[in-house]
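Trainee: need a 3D model of the sequence below.
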Amino acid sequence: MAFKLKKGDCKGCNTTNVMIVYSSGKLCHSCNRDRLASKKRQWKKVYKPTGEKELFLQIWSERPHLCVNCNKDLGNEPRTFFFSHILSKGAHPEKRLQKNNIQLLCFQCHQAYDHGTKEQFLKRSFKVQVTSPPATTASPQKDNPPQTV
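Mentor: Alright, predicted model coming up:
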C-alpha cells in the first residue's frame, strides 16, 4: 500500500499536522497507528478449546519429565511439542484425548517420530542402539595372495 506524507487536516482527530495519505484518506501518525493496530486485531485467530491443554497438564503432573525415547530431561515447563500422539489425531480422532495414546518426547525425537523414518527415531533412543553392519573392505593380501616365483 503506497502512502505519501503531506500537511493537512487529520480525518481521525481533525488536527492540522503532517498527514499520512493512503488510499482511503488522510491521518496523522497517531491515528494511523491506531488504525493499523485495530487491523491486526481483526486477523487474530480465535481457537476453540479442544481439551488437549488440560490433558497435557494432567499428564505433565503425573509423569516424569523425561523423553521416553532418548531419556533427555524436559525441564519444568510443559511445552506443547513435548506431547506426541502415538496414534495420529487424523487417523484416530477418538484416541486424541486418551492418556495412553500420548507420550512425552523432546523436540528432536518428536520431529523424528512425526516426520522422519523409524531408523532416525530409533537412532536417538537410549534403549535401542541401531548400528550398521561393519564395512567389509576387500584386502588384496587375503583375497589374492601375491604369487611367488
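Trainee: relative to residue 88, how far out is the residue lying closest to residue 58 once chain neighbours are set aside?
Mentor: Nearest residue to residue 58 in three dimensions, chain neighbours excluded: residue 99, at 7.6 Å (Cβ to Cβ, 6 or more residues apart in numbering). The C-beta positions use only the backbone N, C-alpha and C, and glycine is treated the same way. Distance of residue 99 to residue 88, computed by Cβ to Cβ, to the nearest Å: 16 Å.
Trainee: do the same with residue 112
Mentor: From residue 112 to residue 88 the distance is 15 Å (Cβ to Cβ).
Trainee: for the two, indicate the residue with more neighbours.
Mentor: Set residue 112 next to residue 88 and count neighbours by other Cβ atoms under 10 Å: residue 112 wins out with 22 against 13.
Trainee: part of a helix, is that one?
Mentor: Yes. Assessed by DSSP: H, G, I helix; E, B strand; the rest coil, residue 112 belongs to a helix.
Trainee: which residues touch the residue nearest to residue 58?
Mentor: 55, 58, 59 (Cβ atoms under 8 Å, 6 or more residues apart in numbering).
Trainee: per-residue pLDDT, the first one?
Mentor: Reading off the confidence values, residue 55 has pLDDT 95.
Trainee: so, low pLDDT: which residues of this structure?
Mentor: Along the chain, the model assigns pLDDT under 70 to residues 1-6, 17-24, 39-44, 127-149.
Trainee: again, only using 80
Mentor: Per-residue confidence for the chain (pLDDT under 80) gives these ranges: 1-12, 14-30, 32, 35-47, 126-149.
Trainee: give me phi/psi at the residue positioned nearest the centre of the chain?
Mentor: For the chain, residue 81 is the residue whose C-alpha lies nearest the centre (Cα atoms, centre = their mean; 6.6 Å). Main-chain torsions, residue 81, degrees, to the nearest 10: phi -80, psi -10.
Trainee: kindly report the same for residue 99.
Mentor: With angles defined as degrees, to the nearest 10, residue 99 sits at phi -60, psi -40.
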